[in-house]
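1. I'll drop the sequence and a predicted model, then ask my questions.
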Protein chains: 2
Amino acid sequence: MMSHMRYCCLMAVDREHVLRSAADLLTRKATATMDEVAKAAGISRATLHRQFAGRDALVKALEELGLRQLEEALDRARLDEGAASDAVRRLVVEVQPVAGFLAFLVTENQLFEGEQQHQGWARIDERFAVLFRRGQEAGEFRIDLSPAWLTEALYGLIGAGAWSVQDGRLAAKDFSYMIVELLLGGVRRSVER
Amino acid sequence: MMSHMRYCCLMAVDREHVLRSAADLLTRKATATMDEVAKAAGISRATLHRQFAGRDALVKALEELGLRQLEEALDRARLDEGAASDAVRRLVVEVQPVAGFLAFLVTENQLFEGEQQHQGWARIDERFAVLFRRGQEAGEFRIDLSPAWLTEALYGLIGAGAWSVQDGRLAAKDFSYMIVELLLGGVRRSVER
DNA sequence: CGCATGTGAGACATCATTGTCTCATCCGCT
DNA sequence: AGCGGATGAGACAATGATGTCTCACATGCG
């Protein structure tokens, strides 16, 4: 099988592109139809159904790809090296390309009503929290804001950033600066800056 | 008309309660059925349909009430009085009761596909931005983070907070502290604290 | 008590979405 | 040119949501 690695128009690439546009669309309009998702991706509904059995399969694939890419971004950010502040900076930079995915996943993850919290998500939560805890123990971060809250807050900021970029209210090149500076330093002017 | 102000079980109150539970539910599960919305509010689907012609009417009412309550919260916060930092603090405190609404509105507001951005929303945006600009001009806030971004970021933080409280990851009493401290001071320890 | 109003439960037709199918077409490859 | 694989367009039934209806019941009021 797979004797020909040449693809007709696009193939493995297409799958990712489809998921990317689906995430973009579903982030804004969670009730979007399969037909709308297909059109947003520039393919027909038939092809969409060939790649993903149904809406559930699409969302699951969306989660898997998003979580995987997010984990890869965290790997690249080397969260356990150097100063925690710098690690946060690297983290946001690496996360930017997947920020759309992250925004979607954050809003959609509790969609799993009674089921257990997707464990892949818990792992990512933990990696964020570990970083913040490390910064606290190193005396670099304040200790009156819990790692769990900082994790949620960073999700929120990244989502807001992705959102703003998508709407043209924020230049993509300012994405990481705006997020990191606000998260680390806050809005208040301080003498040490 | 309206000769009897006595209500059977609840009436005007009920409407608000319905909208409140609808916001809570739809924030978590945007694809929720009218039937689910009705059950979440503790009423029958028939009654829900009597109060709101359909899903669109429900969402529109949701927006109107949410925006109105949000504006009222901003009024109470007296954003133009005293130090900008204190105004931010009052703002978050006043917004907390409507944070669920706000989280819903933020995610759902672009649901209006081609139509114009709901103008009521633009007004609220502006009030936030004015506050941040005032803080900057007073030398209280740093000037390298644009008021527009700070507005979006605060939405994100409030949403994350509402979200965390709803899931029990954050105590309701810590809501405003966690948000305000992070927004104003950031996570980095600084000498002036 | 009798009436009016609002409600819950359910039946029902209608509509939209979904999932599956077929068929014509296009493109890369041999 | 001929072939294989993938696609787009559309038909189709099945499913689910929606909107409207009726009826029985409860509650407040005169």
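-> Structure's in. What do you need?
2. and the helix or strand harbouring A:Asp24, does that touch DNA strand C?
-> For A:Asp24, the element it lies in under DSSP states H and E is helix A:12-28. No - Helix A:12-28 does not reach DNA strand C (C-beta under 7 Å from any atom of the strand); its nearest approach is 10.9 Å. (C-beta placed from N, C-alpha, C; glycine too.)
3. can you give me the buried ones in that helix?
-> A:Asp14, A:Val18, A:Leu19, A:Arg20, A:Ser21, A:Ala22, A:Ala23, A:Asp24, A:Leu25, A:Leu26, A:Thr27, A:Arg28 (16 or more other C-beta atoms under 10 Å in any protein chain shown).
4. how about the most centrally placed residue in chain A: what's its closest non-neighbour residue?
-> Geometric centre of chain A, nearest residue: A:Leu102, 2.1 Å, by C-alpha atoms, centre = their mean. Leaving out its chain neighbours, the residue that sits closest to A:Leu102 by C-beta to C-beta, 6 or more residues apart in numbering or on different chains is A:Ile158, at 5.7 Å.
5. orientation of the helix or strand containing that neighbour relative to helix A:12-28 in degrees?
-> Assigned by DSSP H and E, A:Ile158 belongs to helix A:147-166. On the basis of axes from the mean of the first three to the mean of the last three C-alpha atoms, to 10 degrees, helix A:147-166 is oriented at 100 degrees to helix A:12-28.
6. need the CA coordinates for helix A:147-166. CSV is fine.
-> Extracted C-alpha coordinates of helix A:147-166, given in CSV (Å, rounded to 0.1, in the frame of the first residue of the first chain):
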residue,chain,number,x,y,z
PRO,A,147,0.0,28.1,39.4
ALA,A,148,-3.4,26.8,38.5
TRP,A,149,-4.9,30.2,38.2
LEU,A,150,-1.8,31.5,36.2
THR,A,151,-2.3,28.6,33.9
GLU,A,152,-5.9,29.4,33.3
ALA,A,153,-5.1,33.1,33.0
LEU,A,154,-2.4,32.4,30.4
TYR,A,155,-4.9,30.3,28.4
GLY,A,156,-7.2,33.3,28.5
LEU,A,157,-4.6,35.7,27.4
ILE,A,158,-3.4,33.5,24.6
GLY,A,159,-7.0,33.1,23.5
ALA,A,160,-7.6,36.9,23.6
GLY,A,161,-4.4,37.4,21.6
ALA,A,162,-5.3,34.9,19.0
TRP,A,163,-8.7,36.4,18.8
SER,A,164,-7.4,39.9,18.4
VAL,A,165,-5.0,38.9,15.7
GLN,A,166,-7.7,37.1,13.8
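7. of the buried residues of helix A:12-28, which is the nearest to A:Glu152?
-> For the buried residues of helix A:12-28, the residue nearest A:Glu152 by C-beta to C-beta is A:Thr27; the value is 17.8 Å.
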